[in-house]
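Asker: Fold the following.
(one chain, ligands or ions: 2)
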Amino acid sequence: MFVERLECSNCRAPHSHKEIQTVCKNCGSTLLVKYNLVEMKDKLKKEDLLGREGTLWRYFEFLPIKYRRDIITLGEGFTPILKASNLGFRSLWIKDESLNPTGTFKARGMAVAVSKARILGIKDIVLPSAGNAAAALSFYCAKAGIRAHVFMPEDSPDVTKRECIVSGADVHLVKGTIADAGKVAKAKAKEQGWFDMSTLKEPYRLEGKKTMGLEIAEYFNWELPDVVIYPTGGGTGLIGIWKAFQELKELGWISGEMPKMISVQASGCAPVVKAFKEDKESVEEWKNPKTIAAGLKVPKPFAGKLILKVLRDSNGFAISVTDEEIFNAIKDLARYEGIYACPEGAATYAGLKKLVNDGILSMDDRILLMNTGSGLKYLL
Ligand SMILES: *Cc1c(COP(=O)(O)O)cnc(C)c1O
Ligand SMILES: [Zn+2]
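Answerer: Ligands and ions are numbered 1, 2, ... in the order given. Down below sits the predicted model:
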């Protein structure tokens, strides 16, 4: 294993990866896993990946697990990247995360975080979730023999509630948004001593999501696209993909210009877009969030500063789209590309059309959209 330490994303305070960790003990910010990339460079070559398993565990050296026997897997990752040939773009691809266990990319984060939690002896995990993260956590915990306690807004998609119930989680429905669910979950965690797996309040879900970036690089033969468009809620995927690109650059596996990272949000809940446009350093709470895209209904992402930093460091952008534009994009992707996207994933296509209209992107750019999950989980 190449993990050296955990490091605070804000004050850089080091933390041990051998103990259970949540956020920075100094300043309360997200902890990031730091690898010894100099040593990895010596021991691992791109070619070593060829012929490995078609799951995210093919990138084992990039992950914080020491022994393969400790992996909890349901076959997550290594999802297809499909060329979108019928939408009028020259070089447009869609990474289709709907093929993951539980139908969304949330499986990636949970596979790694639950594996690590079991190694550290954690018996109970608590999570506030708009639906998909709770469903993924429930199934990985079922496999790992860990008790999952999930707190979901009452209006979470029905399928996700059903997934949690059928897989034996302790399910709590909360009035309000994921922020309200978060408050209840936090209090319960403290009272019961349960481990809090909230987005970016522990270091390992990010590592699982990071593998999307590794897969993108390998698929494009280590020549990254010009643009990656990502539907941003809590921001784990965006930050994770960018972290992967940085690690690959340090390893010398990729070079040249990095992709522009673009966040798409729903116009009924667009705190990141607002902060980006107003040149703010942190993200303020969005009042009365409203959108059909449950995964984007995050009124105040905990790692807002990190999200904004990725957008700016990558020379990226942020844009919002209406629910109506999302509906139309779901239909277009289904009818022209044969993909039943989740509303969050479809939002990236709606955003792309706007960005081209506004002259921010060109039809000739090499563009990758992230379809983060399956339309089957929403039935819109
Ligand atoms: C959670 C979720 C998102 C948002 O992901 P973040 O990494 O938290 O920004 C997007 N799409 C779907 C389907 C989700 O479940
Ligand atoms: Zn800190």
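
Asker: what does the chain put close to ligand 1?
Answerer: 104, 106, 132-133, 199, 231-237, 295, 342, 344, 372-373 (CB under 6 Å from any ligand atom). (Each C-beta comes from the backbone N, C-alpha and C, glycine too.)

Asker: now the farthest one out in the chain, which residue is it?
Answerer: For the chain, the residue at maximal distance from the C-alpha centroid (CA atoms, centre = their mean) is D42, at 29.2 Å.

Asker: Sort out which residues of the helix or strand bottoming out on mean pLDDT in the chain are buried, please.
Answerer: Every helix and strand in the chain was compared by mean pLDDT, DSSP states H and E; the lowest is helix 178-192, with a mean of 93. By neighbour count with 16 or more other CB atoms under 10 Å, helix 178-192 contains the buried residues I178, A179, D180, A181, G182, V184, A185, K186, K188, A189.

Asker: tell me which of these is nearest to ligand 2?
Answerer: K186 (18.9 Å; CB to the ion).

Asker: Contacts only, for the closest one.
Answerer: The contact partners of K186, by CB atoms under 8 Å, 6 or more residues apart in numbering, come to P128, D196, S198.

Asker: likewise K190?
Answerer: Neighbouring residues of K190 by CB under 8 Å, 6+ apart: there are none.

Asker: Try it again at 10 Å.
Answerer: Applying CB atoms under 10 Å, 6 or more residues apart in numbering to K190 gives the contacts V126, D196.

Asker: Residue numbers of this protein in contact with ligand 2?
Answerer: Contact residues, the chain versus ligand 2 (CB under 5 Å from the ion): C8, N10, C11, A13, C24, N26, C27, S29.

Asker: Buried ones among these?
Answerer: In these, burial by neighbour count holds for C8, N10, C24, S29, counting by 16+ other CB under 10 Å.

Asker: Widest-spaced pair of those?
Answerer: Distances among these were taken as CB to CB; the most separated pair is N10 and C24, at 6.7 Å.

Asker: Per-residue pLDDT of L376, please?
Answerer: pLDDT, L376: 97.

Asker: what about it, neighbour count?
Answerer: The tally of other residues near L376 (other CB atoms under 10 Å) stands at 11.

Asker: Correct me if wrong, but it is in a strand.
Answerer: No: read with DSSP: H, G, I helix; E, B strand; the rest coil, L376 is helix and lies in no strand.

Asker: Am I right that it is in contact with L99?
Answerer: No: taking CB atoms under 10 Å as the definition, L376 is not a contact partner of L99, at 11.3 Å.

Asker: Distance-wise, check whatever residue of the chain ends up closest to ligand 1 relative to A266.
Answerer: Going by CB to the nearest ligand atom, ligand 1 is nearest to G295 of the chain, at 2.7 Å. Using CB to CB, to the nearest Å, we find G295 at a distance of 10 Å from A266.

Asker: Tell me where the model's unsure across the chain.
Answerer: Across the chain, nothing is flagged by pLDDT under 70.

Asker: helix or strand for the residue minimising distance to the centre of it, which one?
Answerer: Closest residue to the average C-alpha location of the chain: G237 at 2.7 Å, with CA atoms, centre = their mean. Using DSSP states H and E, G237 falls within helix 236-251.

Asker: after that helix comes which helix or strand?
Answerer: Heading C-terminal from helix 236-251, the first helix or strand you meet, by DSSP H and E, is strand 260-266.

Asker: ok now that following strand, how far from the chain's centre?
Answerer: 13 Å (CA atoms, centre = their mean, to the nearest Å).

Asker: Filter the buried ones among the residues of the chain next to ligand 2 down to just the ones in strands.
Answerer: Per DSSP state E, strands hold the following members of those: C8.

Asker: I319 - that's part of a helix, no?
Answerer: No: counting by three-state DSSP, one finds I319 to be strand, located in no helix.

Asker: which non-adjacent residue is nearest it?
Answerer: Nearest residue to I319 in three dimensions, chain neighbours excluded: G351, at 4.9 Å (CB to CB, 6 or more residues apart in numbering).

Asker: tell me the SS of that neighbour?
Answerer: Classification of G351 using three-state DSSP returns helix.

Asker: Contact partners for it?
Answerer: Shown in contact with G351 (CB under 10 Å, 6+ apart): 229-231, 262-265, 273, 317-321, 325-326, 329, 361, 369.

Asker: got it, and K353?
Answerer: By CB under 10 Å, 6+ apart, the contact list for K353 reads L87, G88, V321, E325, N328, A329, D332, L361.

Asker: measure it to F89 for me?
Answerer: 10 Å.

Asker: Show me the common contact partners of those two, please.
Answerer: L361.

Asker: show me what contacts A266?
Answerer: Going by CB under 10 Å, 6+ apart, A266 touches 231-233, 273, 289-297, 320-323, 325-326, 343-344, 347, 350.

Asker: in the stretch 201-350 of the chain, what residue is nearest ligand 2?
Answerer: K305 (11.7 Å).

Asker: one step back: what residues does whichever helix or strand comes after the least confident helix or strand of the chain touch?
Answerer: Scanning forward in sequence from helix 178-192 by DSSP H and E, the next helix or strand is strand 195-196. The contact list for strand 195-196 (CB under 10 Å, 6+ apart) reads 20, 22-23, 113, 117, 120-128, 146, 149, 182, 185-186, 188-190, 202.

Asker: Stretch 324-336 now?
Answerer: 84-88, 94, 96, 231, 264, 266-267, 291-293, 296, 321-322, 339-354, 369, 371, 375, 378, 380.

Asker: From those residues, list the buried ones, please.
Answerer: So, by 16+ other CB under 10 Å, the buried ones in these are 84, 94, 96, 231, 264, 266-267, 291-293, 296, 321, 339-353, 369, 371, 375, 378, 380.

Asker: what's the domain layout of the chain?
Answerer: Following automatic domain parsing, the chain resolves into domains at 3-70, 76-380.

Asker: How far does the first one sit from its chain's centre?
Answerer: This means domain 3-70. The chain centre lies 16 Å from the centre of domain 3-70; the measure is CA atoms, centre = their mean.
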